[in-house]
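Asks: Starting from these lines, generate the structure:
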Amino acid sequence: MTTLVFSYSHADEALRNELEKHLSPLKRMGKITTWHDRRIVPGQEFENQIDHYFSQADIILLLISSDFIASDYCYQVEMTNALERHKRGEAVVIPVILRECAWHQLPFGSIMAATVDGKPITKFASHDEGYVQVVEAVSRAIANLETKKPQQIVHAPAPANPMLQATDTVFTPRSSNLSLPKSFTDLDKDRARREGFEYVARYFANSLEELKKRHVGLDVDFHRPDADSFTCAVYINGSKVGQCGIWCGSRNMGFGDICYSQSGVTRNSCNESLSVADNGQTLGFRTLMGLGYNNSRDLLLTNEGMAEHLWDMFFSPIQQRNR
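Replies: Numbering: from 1, shown residues only. Next comes the predicted model:
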């Protein structure tokens, strides 16, 4: 899976959040996993975490604005290190121009921006139009990276004279279509179901805690009545504005492996359910309701994709209600 990190100014956090939502289809198809500094949890060293993820990323998005350029850390540390990895061929840097600014003469100005002619996201009639172009640019970068992965390095035999030892490498071309169908046991599926549920539980608990930190007057409740279920709720000034329940379903009752209800843990009805499935190569989750676009029910979601799908079902109504 391709790893992607965001380099951005916190002044542009709202724009970054919008972009990350648009990248959700790539996440749910298991194409990418994303990281940004808001994922750093208390107790972890800030700079060490950033250095670690930036040094491992396959794709680095530079979210460019006047605030990004003015930030010493964004410009001198994150951007400089990213461009060095880009030049060495270790990562792909993609500039995303968020707001109008003087960027063409800067070090990344020679790299093709994500949008056509480097048009700023805020200059599009709808931000969505710009973000779609960014997603397309990321998709192309992923495709290019995937074509390079099958290449195998073969070292030439060392000659008798060490002084004449060859230092060049030869890339042997071969097909990337070398996979054979895999079969999965009931044990594999039961483990995937348990691991998927535990991931969703941690995802909701951490997201609720972060939500509470960011908004004055907002409180949350996360409760696990047993190992196979949890409930959560959001309150604003003491009034409940949203709730849900998520639990491991029972196949004998016709439900999926993981169920979601806006009424809490009901066991006998749900608004969405997901079932463990495979595509002949990997295990994942298929939705009952779909993701809102064609053929989405056939897609396999990763644990992260499933968690984001359920979080969107829970949190989107709260956002709409409090606009």
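Asks: From now on I want contacts and neighbour counts done on CA atoms only, so please keep to that.
Replies: Fine.
Asks: burial of the closest residue to Val234 other than its chain neighbours, as a residue count?
Replies: Once flanking residues are discounted, Val234 sits nearest to Val220: 4.5 Å by CA to CA, 6 or more residues apart in numbering. Residues lying near Val220 (other CA atoms under 10 Å) number 18.
Asks: For stretch 283-290, which residues meet the burial criterion?
Replies: For stretch 283-290, the neighbour count (16 or more other CA atoms under 10 Å) marks Leu283, Gly284, Phe285, Arg286, Thr287, Leu288, Gly290 as buried.
Asks: Output those residues as JSON lines; include the columns pLDDT, distance to Gly242 and secondary structure.
Replies: Shown next, in JSON lines, are the buried residues of stretch 283-290 (pLDDT from 0 to 100; distance: CA to CA, whole Å; DSSP: H, G, I helix; E, B strand; the rest coil):
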{"residue": "Leu283", "pLDDT": "86", "distance to Gly242": "31", "secondary structure": "strand"}
{"residue": "Gly284", "pLDDT": "87", "distance to Gly242": "28", "secondary structure": "strand"}
{"residue": "Phe285", "pLDDT": "90", "distance to Gly242": "25", "secondary structure": "strand"}
{"residue": "Arg286", "pLDDT": "89", "distance to Gly242": "25", "secondary structure": "strand"}
{"residue": "Thr287", "pLDDT": "88", "distance to Gly242": "22", "secondary structure": "strand"}
{"residue": "Leu288", "pLDDT": "82", "distance to Gly242": "22", "secondary structure": "coil"}
{"residue": "Gly290", "pLDDT": "60", "distance to Gly242": "22", "secondary structure": "coil"}
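Asks: Contacts for the helix or strand containing Leu4 next, please.
Replies: Secondary structure assigned from DSSP states H and E places Leu4 in strand 2-7. Residues outside strand 2-7 that contact it (CA atoms under 8 Å, 6 or more residues apart in numbering) are 31-36, 53-54, 56-63, 74, 78-79, 142.
Asks: one more time with 6 Å
Replies: Ile32, Thr33, Thr34, Trp35, His36, Ala57, Asp58, Ile59, Ile60, Leu61, Leu62 (CA atoms under 6 Å, 6 or more residues apart in numbering).
Asks: quick one on the thing from earlier: what's the distance between the residue nearest to Val234 and Asn279?
Replies: Distance check for Val220 against Asn279: by CA to CA, to the nearest Å, it reads 37 Å.
Asks: quick one on the thing from earlier: buried ones in the helix or strand following the strand holding Leu4?
Replies: Downstream of strand 2-7, the first helix or strand assigned by DSSP H and E is helix 13-22. Burial within helix 13-22, assessed by neighbour count using 16+ other CA under 10 Å, is assigned to Leu15, Arg16, Leu19, Glu20, His22.
Asks: residue contacts, Ala14?
Replies: So Ala14 contacts nothing (CA under 6 Å, 6+ apart).
Asks: make it 10 Å
Replies: By CA atoms under 10 Å, 6 or more residues apart in numbering, the contact list for Ala14 reads Glu20.
Asks: Could you give the number of residues near Gln262?
Replies: As a burial measure, Gln262 scores 19 neighbours (other CA under 10 Å).
Asks: do the same with the one 4 residues further on
Replies: Thr266: 15 surrounding residues under other CA under 10 Å.
Asks: Could you measure from it over to Phe255?
Replies: 12 Å.
Asks: overlap in contacts of the two?
Replies: Contacts common to Thr266 and Phe255, judged by CA under 10 Å, 6+ apart, are absent.
Asks: In which helix or strand does Asn48 reside?
Replies: Going by DSSP H and E, Asn48 is part of helix 46-56.
Asks: how distant is whichever helix or strand comes after that helix from the center of its chain?
Replies: The C-terminal neighbour of helix 46-56 among helices and strands, as given by DSSP H and E, is strand 59-64. When distances are taken as CA atoms, centre = their mean, to the nearest Å, strand 59-64 is centred 14 Å away from the chain's centroid.
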